[in-house]
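Novice: show me how the following folds:
(2 chains)
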Amino acid sequence: MTKFYITTAIDYPNASPHIGTAYEKIGADARARWRRLCGDDVYFLMGNDENSQKVAEKAQELGLDPLAYCDEMERKFRQAWSRLSLSFDRFIRTTEAAHHRGAREIFRRLLKRGDVYRGMYKSWYCVGCESRKTDKDLVNGKCANHPNRDLEWVEEENWFFRLTAYRDRIREVVKNTDFVEPGIRRNEVLGVLEEGLEDISISRAKTKWGVPVPDDPDHVIYVWFDALVNYITGVGFPDGPDFGRWWPCDVHVIGKDITRFHCIIWPAMLLGADLPLPKKVFAHGFVYLSGEKISKSGKRLDPAKAADRFGGDPLRYFLLREIAFDNDGDFTWEKFVERYNGELANELGNLLNRVVNMAEKNLGGVFEKPPAPLPQDAALREKLLGLADRVAPHYDRFEFHFALAQIWDAVRQANRYLDETRPWTAAKEGRRDAVAASLYNAAEALRIIAVLASPVIPATADRIGEQIGIGPLSTARLETVRAWGGVPGGTRVRRAAPLFPRLDKVPEAEEFA
RNA sequence: GCCGGGGUAGCUCAACGGUUAGAGCGGCGGUUUCAUAAGCCGUAGGUUGCCGGUUCGAGUCCGGCCCCCGGCACCA
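Specialist: From the prediction side, this is the model:
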């Protein structure tokens, strides 16, 4: 069985997740679910990045022990993620002892090789950014991103990582392979590599919160450095029995703002530790809120609240249908309602409703294998049986918007099939065979549509399966949609509430902040 | 400043140098009645940012210009 190991960035738990964070996880989840559908043995890793000064600060602000605070935040994150049906296999926390051990092991390996050394670290430091600031980064002597905070002048002996030693090898990989996707990010990374690198400081002396540097109790490993290591400790590095099975990772899903860490620093760390590089780093775009950048505008959209109200699937669907995953996109409630009503309620939800209703009214609620073919069958079958092949390349390239466009093309065709075969007329005319054939084929179309859309809308796929009487479909296998006739004759429909009740007004953004 | 991406219908976006530049949404009109006042069909709407060039032929290639957006940060 082919293995597929996929990760997302781990999150600072100093605030609850927002729509942008959710976007990344949803995209990764869709890919993970797609690979499971294809039969891969999938390992999907997510988690929280807890060894940060910001986290310690926040905990102190609340009068909590940092670890207790992190425990609480883990609950919040898990709750939010569960509302979005994220199917991660493991949720890692970088405060775990096993992670600390792995991070220290990496540090030791690089030290042994001579690529970790002592040096002097002098600069302005912004606690908000958790990063060094050079003079050109300053605006009026303050950090541009955190103008309300005072900068600290930091001057201390630190441990450094000889990043410069790895530049050429990394450049070769980035240049000659599709290690970094999409192409635009690859070019940017290449640009950085061409301009040249500096060695980086990888420890901090001022804080006790974090992973202690081996044999140097006065320093902790810089949060970024230990955070990256989660991708290997999450599968058992250094000596877990499954480490060799999962690593190297098939794809790291990250935001476009952190390519430098994943495409340059992380590979350098791995090369230094004699570990294989991940196969791919995929950098997704950003979600804007009504045209404004989330971080700058201060606008928020709490995905858990939105999912509470509308369900996780509509949010997942909207984000992956509206926005190309490698691009930036805009969330507005107007657009959300438009797609929700048009595509989810009217086209898909109503299609199911039509079929289930007519089956109840005219067939006693039981699907029968088509007693006789209808002239419109061939076109419908051709469309649906070819759908898996049309959708597959898109899912595998994170082109969820294209995959969904293909699937909805089939949804429209199924609606058209009903209009053309007119089972309601056939019923009135007493042509029971025609009614049975039409509804059976429409149910088949729904089955295939549900399975192929399940990576994006898993809960809906299950609900469709329940209503047409064949049980959950989000855990189906791809082979089942390459053949017609998956709904057994004699299957009894189970009518339930509409999948997506129509929304009659545009929600107020404030309700979900 | 340097590097990169982009300006196409009211909106969001498609279109290997090759018929008459397409699709969805929105608008307008029609039709159906099984269904969540849903579905289906049809239609209007474009000087492809501007100027020049190459070519039998340019949204597409070349040069110049104007706008927008990213990257050049120890950014989760």
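
Novice: which parts of the stretch 301-450 of chain A sit against RNA strand B?
Specialist: Selection of the stretch 301-450 of chain A residues close to RNA strand B by C-beta under 7 Å from any atom of the strand yields A:324, A:327-329, A:338, A:342, A:345-350, A:352-354, A:357-358, A:361, A:412, A:415-416, A:418-419, A:422-425, A:428. Where you see a C-beta, it was placed from the backbone N, CA and C, and this is true even at glycine.

Novice: now restrict these to buried residues only.
Specialist: With burial judged by 16 or more other C-beta atoms under 10 Å, the buried subset of those is A:324, A:329, A:345, A:347-350, A:352-354, A:358, A:415, A:418, A:423-424.

Novice: what's near enough to touch the nearest residue to A:Pro66 once chain neighbours are set aside?
Specialist: Using C-beta to C-beta, 6 or more residues apart in numbering and skipping residues adjacent in sequence, the residue nearest A:Pro66 is A:Ala59, 4.2 Å away. By C-beta atoms under 8 Å, 6 or more residues apart in numbering, the residues touching A:Ala59 are A:65-66, A:68-70.

Novice: ok and the residue in chain A nearest RNA strand B?
Specialist: Residue nearest to RNA strand B within chain A (C-beta to the nearest atom of the strand): A:Gly349, separated by 1.8 Å.

Novice: and that residue, what is it in contact with?
Specialist: Here A:Gly349 is in contact with A:498-500 (C-beta under 8 Å, 6+ apart).

Novice: strands - which of the residues of the stretch 301-450 of chain A next to RNA strand B land there?
Specialist: Counting by DSSP state E, the part of these found in strands is A:Gly329.

Novice: my guess is A:Tyr69 contacts A:Glu57, does it?
Specialist: No - A:Tyr69 lies out of contact with A:Glu57 (C-beta atoms under 8 Å); the separation is 10.3 Å.

Novice: ok, the two, which is more surrounded?
Specialist: Using other C-beta atoms under 10 Å as the criterion, A:Tyr69 and A:Glu57 rank with A:Tyr69 on top: 21 against 17.

Novice: quick check: phi and psi at that one.
Specialist: phi -60, psi -40 (degrees, to the nearest 10).

Novice: that one: what's its closest spatial neighbour, skipping adjacent residues?
Specialist: Closest residue to A:Tyr69 apart from its sequence neighbours, by C-beta to C-beta, 6+ apart: A:Ala59 at 3.7 Å.

Novice: doesn't A:His394 make contact with A:Ala403?
Specialist: Yes - in this structure A:Ala403 lies within contact range of A:His394 using C-beta under 8 Å: 3.9 Å.

Novice: quick one: which of these two has more around it?
Specialist: The neighbour comparison of A:Ala403 against A:His394 (other C-beta under 10 Å) goes to A:Ala403, with 27 against 18.

Novice: work out for me the element that one sits within.
Specialist: Assigned by DSSP states H and E, A:Ala403 belongs to helix A:400-421.

Novice: which parts of that helix are buried?
Specialist: By 16+ other C-beta under 10 Å, the buried positions in helix A:400-421 come out as A:400-404, A:406-408, A:410-411, A:413-415, A:417-418, A:421.

Novice: helices along the stretch 251-400 of chain A, start to end?
Specialist: A:259-260, A:266-272, A:294-297, A:303-310, A:312-322, A:333-339, A:350-363, A:377-385, A:387-396, A:400-421 (DSSP state H, counting those that start in this stretch).

Novice: make CSV out of those and add mean pLDDT.
Specialist: Shown next, in CSV, are the helices of the stretch 251-400 of chain A (pLDDT from 0 to 100):
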stretch, mean pLDDT
helix A:259-260, 93
helix A:266-272, 96
helix A:294-297, 63
helix A:303-310, 93
helix A:312-322, 95
helix A:333-339, 91
helix A:350-363, 96
helix A:377-385, 94
helix A:387-396, 93
helix A:400-421, 94
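
Novice: out of those, nearest to A:Val211?
Specialist: Closest to A:Val211 of those is helix A:266-272 (C-beta to C-beta; 13.9 Å).

Novice: show me which residues of the closest one are buried.
Specialist: For helix A:266-272, the buried set under the neighbour-count rule, 16+ other C-beta under 10 Å, comprises A:266-272.

Novice: show me the residues around A:Arg36 that make contact.
Specialist: Contacts for A:Arg36 (C-beta under 8 Å, 6+ apart) come out as A:42, A:87, A:475.

Novice: scan those and report the most crowded one.
Specialist: Top of the contacts of A:Arg36 by neighbour count (other C-beta under 10 Å): A:Val42, with 21 neighbours.

Novice: A:Val235: neighbour count?
Specialist: For A:Val235, using other C-beta under 10 Å, the count is 22.

Novice: next secondary structure element downstream of the helix or strand hosting A:Phe77?
Specialist: Using DSSP H and E, A:Phe77 falls within helix A:66-83. Counting by DSSP H and E, the next helix or strand C-terminal to helix A:66-83 is strand A:90-93.

Novice: what's downstream of that following strand, the next helix or strand?
Specialist: For strand A:90-93, the following helix or strand on the C-terminal side (DSSP H and E) is helix A:97-113.

Novice: now A:Phe161: phi and psi?
Specialist: For A:Phe161, the backbone dihedrals (degrees, to the nearest 10) come out as phi -110, psi 130.

Novice: picking up where we left off before, could the contacts of A:Ala59 go into a markdown table alongside distance to A:Val481?
Specialist: As requested, the contacts of A:Ala59 are exported to a markdown table (distance: C-beta to C-beta, whole Å):
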| residue | distance to A:Val481 |
| --- | --- |
| A:Asp65 | 51 |
| A:Pro66 | 48 |
| A:Ala68 | 48 |
| A:Tyr69 | 46 |
| A:Cys70 | 42 |
